[in-house]
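Enquirer: here is my input; please provide its structure:
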Amino acid sequence: MLTASTRLLRLLALLQTRRHWGGNELAERLEIHPRTVRRDIDKLRELGYPIEASSGVAGGYSFRAGQTLPPLLLDDDEALAAALALRMASVGSVGNMEEPALRALVKLEQVMPARLRRRTDALRSAILPMERWGASVDAGLLALLASACRDQLRLGFAYADSRGQATQREVEPQGVVHTGQNWYLVAWDTVRSDWRTFRVDRIAGEVGVGRHFAPRIGPEGGDLRAYLSRSLAVPPYAEQARVVLHAPHSEMARHIPASAAVLTPIEGGHCLLQCGAHALDHLVYWLMALGVPFTVQSPPALIERLRLAQVRLGQALAAGEASQE
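Expert: Okay, here's the model as predicted:
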């Protein structure tokens, strides 16, 4: 026979695993009478857990949204995952989240058993986040965008592109994606009738929330990460390049991230690289750093920059040899 406290914990754990439970089903799982289930549900409500009861053939119990956060019941792996996520959030790129994340982490660690605190300390000492890079975004703005994606609500906002040009946008938001450096909103632009990506830190002023819109299949068949990677690799840069890399696609894909360039396998075991840049000199040194033979297809100006780089390297080598004589 389970003690009352142990039974309450098991009941709470079951209720958190899915949206709805029948009363008799809970009673069978806990090996108690349905009347005991009802009494235990009442006790959980007194403790602050927002549990809703329904009657009828499909009646039962389910969690609902409450006015305040009730105590959380986490198993060991969930507690460690939460601690690690809070640790990363405390040094993350979401503005105004560092202090709340640290407060939540302290509260979580205070109630952890000793065995979990030791594992959490090991994670904290072994995992050292690098200094933040990329733009910081407001947590409230992220929450608003995510809610609009979930509820399919149109958004209107002022947006500044990479050149600082301001435009007013009306979009149907599809999802929010983080690249590890910046946050992006993927949305259907109703004026341009096409999919677009928007860096969240470039959204200016207040965001207007409009009416509902009919859902549509997202770009790349709904794979927003793939779409964003392709958009970032070949954006409207001043210069676009097509380069054949004389190396297998599988090998180059391990070294070139999808957000940097589009790689396509071609005949002969080679691959085609397509990318953009604001300055061709950046492409010259990046291509040379890859360490594989390559052939430039376009633009012709990139070939000229490579020839100039060859001359400079020759001059540098000659000067170095002369200084050693």
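Enquirer: for the rest of this, base every contact and every neighbour count on C-alpha atoms.
Expert: Will do.
Enquirer: tell me which residue is most central in the protein.
Expert: What sits nearest the mean C-alpha location of the chain, by Cα atoms, centre = their mean, is residue 178, with 3.6 Å.
Enquirer: average model confidence for the lengthiest helix in the chain?
Expert: Assignment by DSSP state H gives helix 300-324 as the longest helix of the chain. On average, the pLDDT along helix 300-324 is 85.
Enquirer: mind listing what's buried in that helix?
Expert: Across helix 300-324, burial judged by 16 or more other Cα atoms under 10 Å covers 302, 303, 305, 306, 309.
Enquirer: enumerate every residue touching the first one.
Expert: By that I understand residue 302. Contacts here follow Cα atoms under 8 Å, 6 or more residues apart in numbering; on that basis residue 302 touches 241, 280, 284, 296.
Enquirer: quick one, helices of this protein?
Expert: Going by DSSP H, the chain shows helices at 4-15, 23-30, 34-46, 76-89, 98-110, 114-126, 139-151, 224-233, 249-253, 280-290, 300-324.
Enquirer: between those helices, which gets nearest to residue 186?
Expert: helix 224-233 (7.2 Å; Cα to Cα).
Enquirer: next, the buried residues of the closest one.
Expert: Buried residues in helix 224-233 (16+ other Cα under 10 Å): 224, 225, 227, 228, 229, 230, 231, 232, 233.
Enquirer: rounded mean pLDDT for it, please.
Expert: Mean predicted confidence for helix 224-233 is 78.
Enquirer: tell me what that helix is packed against?
Expert: Applying 3 or more Cα pairs under 8 Å, 6 or more residues apart in numbering; DSSP states H and E, we find helix 224-233 packed against strand 166-178, strand 270-277.
Enquirer: CA atoms of the last one as CSV?
Expert: It stands for strand 270-277. Provided in CSV are the C-alpha atoms of strand 270-277 (Å, rounded to 0.1, in the frame of the first residue of the first chain):
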residue,chain,number,x,y,z
HIS,A,270,33.1,17.1,-57.1
CYS,A,271,30.7,19.6,-55.8
LEU,A,272,29.4,23.1,-56.8
LEU,A,273,29.6,25.8,-54.2
GLN,A,274,27.2,28.8,-54.4
CYS,A,275,27.6,31.7,-52.0
GLY,A,276,27.5,35.5,-51.7
ALA,A,277,29.7,38.1,-50.1
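Enquirer: mind listing what it pairs with, with the direction of each?
Expert: strand 239-245 (antiparallel), strand 262-266 (antiparallel) (DSSP bridges).
Enquirer: on that earlier part again, relative to residue 324, which of the buried residues of helix 300-324 is nearest.
Expert: residue 309 (22.9 Å).
Enquirer: just to revisit the earlier point, want to throw the buried residues of helix 224-233 into CSV with distance to residue 114?
Expert: Output for the buried residues of helix 224-233, formatted as CSV (distance: Cα to Cα, whole Å):
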residue, distance to residue 114
224, 41
225, 39
227, 45
228, 43
229, 43
230, 46
231, 47
232, 46
233, 47
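Enquirer: returning to that earlier point: got the angle between the longest helix of the chain and helix 280-290?
Expert: Angle, helix 300-324 to helix 280-290, by axes from the mean of the first three to the mean of the last three Cα atoms, to 10 degrees: 60 degrees.
Enquirer: so what's the gap between helix 300-324 and the chain middle?
Expert: 42 Å (Cα atoms, centre = their mean, to the nearest Å).
Enquirer: please apply the same query to stretch 211-226.
Expert: For stretch 211-226, the distance to the chain centre is 16 Å (Cα atoms, centre = their mean).
Enquirer: can you offset everything so residue one is 28?
Expert: Okay, residue one is now 28; in that scheme the one you just asked about reads as stretch 238-253.
Enquirer: give me the contacts around it.
Expert: Residues contacting stretch 238-253 (Cα under 8 Å, 6+ apart): 178, 179, 180, 181, 199, 201, 202, 204, 213, 222, 254, 285.
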